[in-house]
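J.: Build me a model:
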Amino acid sequence: MAGGLMFTVSLYAQTQLLLYFSLTSVPVGSWSYTYSNETMTWIEAKAWCENQSNGLMVIQNEKHNNYLKDNLPQLKVYYWIGLRKTNGFWTWQGTEQKLEGGGFWAGNEPNNKKHDEDCVEIYIKSGTDNGKWNDEKCVKKKHALCYKASCFEKSCSKIAECVEEISNYTCKCNPGFTGPTCMDVVQCPPIATVLSDARINCSHPLKSNSYTSTCVFSCEEGFELRGSNTTVCDHTGQWTHTTPTCTGMWCKPLTVPDGGSMSCYGGNNTICRVQCPSAYLLIGAREYTCRPDGSWSRFQPLCASYKHMFMASSGCAVLSTICCCMFCCSYCRKRKKSVKQNDQEKVMNPVYDGGDAPPEDPLRSV
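T.: Presented below is the predicted three-dimensional model:
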C-alpha cells in the first residue's frame with residue numbers, strides 16, 4: 001500500500017525452546033514478521049502482505065502467540081491476522097488449515113456481536129487481553145500483521161506437517177512415521193518364535209515388521225489356536241496382539257470296562273488301540289483315532305465276557321419265544337372272534353338259507 005511503512009524484525013529464540021511432538025528440530029533461516037504502519041481492511045491487509053512476498057500471520061502454537069504479544073509494539077488499533085471464517089469454519093488463509101485447539105480467544109469471543117464478524121484481530125498491550133483474539137468485521141481498519149515462513153514445500157515429507165517455530169521449524173509426523181523429515185517408518189520388534197505346529201503369513205506394505213505390517217496365524221491339523229489369529233504393527237511400534245500358541249485338540253479319554261486295556265501313540269496320543277482279556281469279547285473297533293475336531297473316529301469300545309454274552313443271547317431267545325407266543329395267541333383270539341361274528345350274521349339273515357329261491361311276495365295271499 002502506498003505510504004505504508006514496513007517494519008521487519010528477525011525472531012531468534014533467546015532461550016532454548018521445548019520441542020513439540022518429540023520431533024527433531026531443524027535450524028533454518030530466521031522466521032520473521034512484518035506489520036504495516038497504516039491501517040487497512042482485512043482484504044487490503046492480505047493483499048499488502050502478499051505483495052511483500054509474505055502472507056497474513058498464521059499462528060500455530062502458544063509460544064508463537066506469546067512471542068508476538070511480547071514483541072509487537074502497541075498501536076492505536078490492533079493487528080489483523082490470517083484467520084477468517086470460511087464456510088462456517090475458522091480457517092488460516094495462508095495454509096487453508098482449519099483452526100485446531102480452540103485458539104487464543106478473548107473472553108466471550110468469538111461472539112459475532114455485530115454480525116458478519118468473520119475476520120480476526122489480535123490484541124497487543126491491552127491489559128488482561130494482551131495476545132488474545134477477537135472476531136471483527138472485515139471492513140474495519142487494522143494494521144496488517146504478516147509473516148515470512150521458514151516452512152517450504154520440501155521442508156518435510158508428504159506424510160508430515162511443517163510446524164513453524166521461532167527461528168526454526170519442526171516436522172510433525174503422521175502416526176507411524178518418524179525422523180527429522182518423517183521419512184522413517186516406525187518399526188515393531190520381530191514376531192516372537194512360534195511352535196513348529198503353527199503357520200504364519202505376514203504382509204509388509206512399507207517395510208519388514210514396520211507400521212501397518214500384518215501377520216495372520218493358523219495351526220496345523222489337529223491343533224487349536226489359542227489367542228488372536230491376527231496382529232498388526234501399530235503407529236507406536238507395538239504389535240496389537242501377542243503371538244498365539246497352538247495346542248493339541250484332545251479327545252475325551254476312552255474307558256474300557258471289565259478289565260480291558262488301551263495303548264495310545266502318535267502325536268498327542270491321537271491313536272488308541274484296545275485289547276480285551278482272553279475271556280472277553282471286544283465289541284467295537286480295535287483301533288480309534290482322535291479327529292481334529294476333538295471327537296473319536298468310532299463309538300466307545302466295550303469288553304464283554306463270553307458268560308455275559310451267553311446270558312444275553314439266552315435272554316434274547318427267551319424273550320423272542322415269549323413274544324412269538326403272545327403274538328400267536330393274540331392272532332388266534334382275533335380269528336375265533338371273527339368266525340363267531342360271521343355265524344351270527346348267517347342266523348339273523350334267512351337269505352343265506354334260501355339259496356336261489358325268490359323271496360315270497362307278501363301281497364300274493366290277498
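J.: Doesn't residue 325 belong to a helix?
T.: Yes: counting by DSSP: H, G, I helix; E, B strand; the rest coil, residue 325 falls inside a helix.
J.: Can you name the residues that contact it?
T.: By Cβ atoms under 8 Å, 6 or more residues apart in numbering, the contact list for residue 325 is empty. Where you see a C-beta, it was placed from the backbone N, CA and C, and this is true even at glycine.
J.: From residue 334, how far out is it?
T.: Distance of residue 325 to residue 334, given as Cβ to Cβ, to the nearest Å: 15 Å.
J.: Could you list the domains of the protein?
T.: Listed domain ranges for the chain are 6-178, 198-248, 261-307 (source: automatic domain parsing).
J.: And these, which one averages the lowest pLDDT?
T.: Here the lowest mean pLDDT among the domains of the chain goes to domain 261-307, at a mean of 77.
J.: Could you work out the end-to-end span of it for me?
T.: 19 Å (Cα to Cα, to the nearest Å).
J.: just the helices in the stretch 1-150 of the chain please.
T.: 42-51, 62-71 (DSSP state H, counting those that start in this stretch).
J.: now the last one, how far from the centre of its chain.
T.: Put plainly, it is helix 62-71. Centre-to-centre, helix 62-71 and its host chain are 42 Å apart (Cα atoms, centre = their mean, to the nearest Å).
J.: Pull out the buried residues from it.
T.: Of all the residues in helix 62-71, those buried under the rule 16 or more other Cβ atoms under 10 Å are 64-65, 67-69.
J.: list the helices and strands it packs on?
T.: strand 119-122, strand 160-165 (3 or more Cβ pairs under 8 Å, 6 or more residues apart in numbering; DSSP states H and E).
J.: partners of the last one in the sheet?
T.: Just to be clear, that refers to strand 160-165. strand 168-173 (antiparallel) (DSSP bridges).
J.: next one: the shortest one
T.: Here strand 119-122 has these sheet partners by DSSP bridges: strand 79-86 (antiparallel), strand 133-136 (antiparallel).
J.: Which among those strands is found nearest to residue 301?
T.: strand 79-86 (81.9 Å; Cβ to Cβ).
J.: ok, and for that closest one, which residues are buried?
T.: Going by 16+ other Cβ under 10 Å, strand 79-86 has these buried residues: 79-85.
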